[in-house]
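>>> okay, sequence plus prediction incoming.
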Amino acid sequence: MAYNYPPEKLSVYLSDDGGSILTYYGMWEASLFAKHWLPFCKRYNIEPRSPAAYFSQSDGHQELCTPKEWSLIKDMFDEMTERIDTAVMSGKVPEEIKARQKGFHEWNQEITSKNHQPIVQILIDGKDQNAVDNEGNVLPTLVYMAREKRPQHHHNFKAGAMNALIRVSSVISNSPIIMNVDCDMYSNNNDAVRDALCFFLDEEMGHKIGFVQYPQNYNNLSKNDIYGNSLQVINEVSSAKL
């Protein structure tokens with residue numbers, strides 16, 4: 001949601017293959033935090049824009065803003081994380097939270113991860129004039145989706161999830177380009193969307209390109225990096241911007 005891209009042209013979909021109310025709760029919490037995190041990122045050009053990655057780094061970022069602002073946003077993130085962790089540990093969402101958001105009513109005692117109806121909830125509707133951050137800026141559309149699963153039908157793993165995402169997004173946003181980000185990854189540059197579009201919009205070769213994939217990069221590697229996961233030539237030389 002914090003990409004450097006026009007928010008009215010950006011729609012974010014989370015595909016929850018487990019159909020978990022806890023995942024939905026975490027996303028709902030994140031949608032509230034985003035109203036403070038997005039303007040903070042843009043005001044100080046924060047990188048990386050994943051709050052978990054940003055706050056896990058050294059406190060050296062504090063020189064970008066006042067200590068009070070940094071502490072305030074950090075406390076908000078920590079408190080949100082604690083609420084989510086508490087819900088996960090207890091295995092349930094507090095009743096007072098459920099009462100605040102109609103989407104929680106989709107879940108009942110019969111639902112399991114392998115047997116549930118399709119669930120689609122728009123947490124932030126970018127077309128709604130009230131969908132703004134705490135500084136009055138328009139927010140991207142944010143959608144939770146859990147595709148239908150039944151024991152008697154094969155779900156086709158990731159291919160099935162992507163197919164469902166395409167079908168749902170065609171109704172809500174119908175954008176010409178889709179970017180897929182795995183759940184355990186984050187973008188390390190807020191201009192990544194714009195940079196990827198350069199391939200598709202290239203005047204000479206763009207019409208021949210239908211798919212662009214950038215290799216994953218990993219943190220916390222061993223000193224010897226025996227699998228070459230750091231991809232130094234790609235990340236630091238040929239495609240440093242991406």
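Okay, I see it.
>>> please report how far the residue of the chain most remote from its centre lies from Pro67.
No residue in the chain sits farther from the centre than Glu204, which is 32.2 Å out by Cα atoms, centre = their mean. According to Cβ to Cβ, to the nearest Å, Glu204 and Pro67 sit 50 Å apart. From N, CA and C alone the C-beta is placed, and that goes for glycine too.
>>> so how far is the worst-scoring helix or strand of the chain on mean pLDDT off the chain centroid?
Among the helices and strands of the chain, helix 232-233 carries the lowest confidence by mean pLDDT, DSSP states H and E, at a mean of 75. Relative to its parent chain, helix 232-233 has a centroid offset of 26 Å by Cα atoms, centre = their mean, to the nearest Å.
>>> helix, strand or coil for Leu14?
For Leu14, the assignment made with DSSP: H, G, I helix; E, B strand; the rest coil gives strand.
>>> what residues are bridge-paired with it?
Tyr144 (DSSP bridges).
>>> that one: neighbouring residues, count only.
For Leu14, the neighbour count with other Cβ atoms under 10 Å is 18.
>>> cool, Asp78 as well?
Neighbours of Asp78 using other Cβ under 10 Å come to 12.
>>> phi, psi of it?
phi -60, psi -40 (degrees, to the nearest 10).
>>> mind checking how far it is from Arg194?
In terms of Cβ to Cβ, Asp78 sits 31 Å off from Arg194.
>>> one more: Val168?
Taking Cβ to Cβ, one finds Val168 at 25 Å from Arg194.
>>> more neighbours, these two?
Val168 (17 against 14).
>>> all strands for the chain, in order.
11-15, 119-124, 141-146 (DSSP state E).
>>> now these as JSON lines including distance to Asn163 and mean pLDDT?
Compiled in JSON lines, the strands of the chain are given as follows (distance: least, Cβ to Cβ, whole Å; pLDDT from 0 to 100):
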{"stretch": "strand 11-15", "distance to Asn163": "10", "mean pLDDT": "97"}
{"stretch": "strand 119-124", "distance to Asn163": "14", "mean pLDDT": "97"}
{"stretch": "strand 141-146", "distance to Asn163": "12", "mean pLDDT": "98"}
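>>> quick one: closest of these to Lys35.
Nearest to Lys35 among these is strand 119-124; the distance by Cβ to Cβ comes to 8.9 Å.
>>> how about the nearest residue to Asn190 once chain neighbours are set aside, phi and psi?
Leaving aside its chain neighbours, Asn190 sits nearest to Asn4 (4.4 Å; criterion: Cβ to Cβ, 6 or more residues apart in numbering). The phi/psi pair for Asn4 (degrees, to the nearest 10) reads phi -80, psi 80.
>>> surely Asn4 and Asp191 touch.
Yes - at 5.2 Å, Asn4 counts as touching Asp191 under the criterion of Cβ atoms under 8 Å.
>>> this completes my enquiry, with thanks.
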